[in-house]
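Asker: I would like the atomic coordinates for the input below:
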Amino acid sequence: QVQLVESGGGLVQPGGSLRLSCAASGFTFYTFSRYTMSWYRQAPGKERELVAVIISVGSSTNYADSVKGRFTISRDNAKNTVYLQMNSLKPDDTAVYYCGAAHQRAGTYWGQGTQVTVSS
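Answerer: Numbering: from 1, shown residues only. Reported below is the predicted structural model:
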């Protein structure tokens, strides 16, 4: 059973930075490198939305328009970890951030989430 554990959330002032980490474990048939990894977020009263995704092959990335140029997703396959570097944070970035791991045959897995609050 794949397990994902997010960390790095917290309270930050507008314009500040945070780096989220998602440590993955429990891989059996397919290794971490074969999973497409993503970060989603959900603000109070809103639906969960995709923030960034990094695919398994070639590590191509894609971002929501609202975070382009400010957020960077990356992965370290040797450490089974995916990161989300968040710069120039805005109050609208306040949300619970979730890490997701997806494989066409193995399914999709989610972490428990980490709270990010941007406020002065």
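Asker: need the contact list for the residue nearest the centre of the chain.
Answerer: With distances taken as C-alpha atoms, centre = their mean, the chain has residue 39 as the residue nearest its mean C-alpha position (2.7 Å). Applying C-beta atoms under 8 Å, 6 or more residues apart in numbering, we find residue 39 in contact with 20, 22, 50-53, 73, 82, 84, 97-100. The way it works is simple: take the backbone N, C-alpha and C, and place the C-beta from them, glycine included.
Asker: before we move on, which element is it in?
Answerer: Residue 39 belongs to strand 36-42 when assigned by DSSP states H and E.
Asker: Can you spell out which helices and strands pack onto the following helix or strand past that strand?
Answerer: Under the assignment DSSP H and E, the closest C-terminal helix or strand after strand 36-42 is strand 49-54. With contacts taken as 3 or more C-beta pairs under 8 Å, 6 or more residues apart in numbering; DSSP states H and E, strand 49-54 sits against strand 36-42, strand 61-63, strand 71-76, strand 81-86.
Asker: how about 10 Å then?
Answerer: For strand 49-54, the helices and strands in contact under the criterion 3 or more C-beta pairs under 10 Å, 6 or more residues apart in numbering; DSSP states H and E are strand 36-42, strand 61-63, strand 71-76, strand 81-86, strand 95-103.
Asker: in the third one, what counts as buried?
Answerer: Buried residues in strand 71-76, counting neighbours by 16 or more other C-beta atoms under 10 Å, are found at 71, 72, 73, 75.
Asker: Ok, the first one next?
Answerer: Within strand 36-42, the residues that count as buried by 16+ other C-beta under 10 Å are 36, 37, 38, 39, 40, 41.
Asker: Equivalent analysis for stretch 1-12, please.
Answerer: For stretch 1-12, burial by neighbour count (16+ other C-beta under 10 Å) applies to 2, 4, 6, 8, 9, 12.
Asker: ditto for stretch 96-107
Answerer: Using 16+ other C-beta under 10 Å as the test for burial, stretch 96-107 gives 96, 97, 98, 99, 100, 101, 102, 103.
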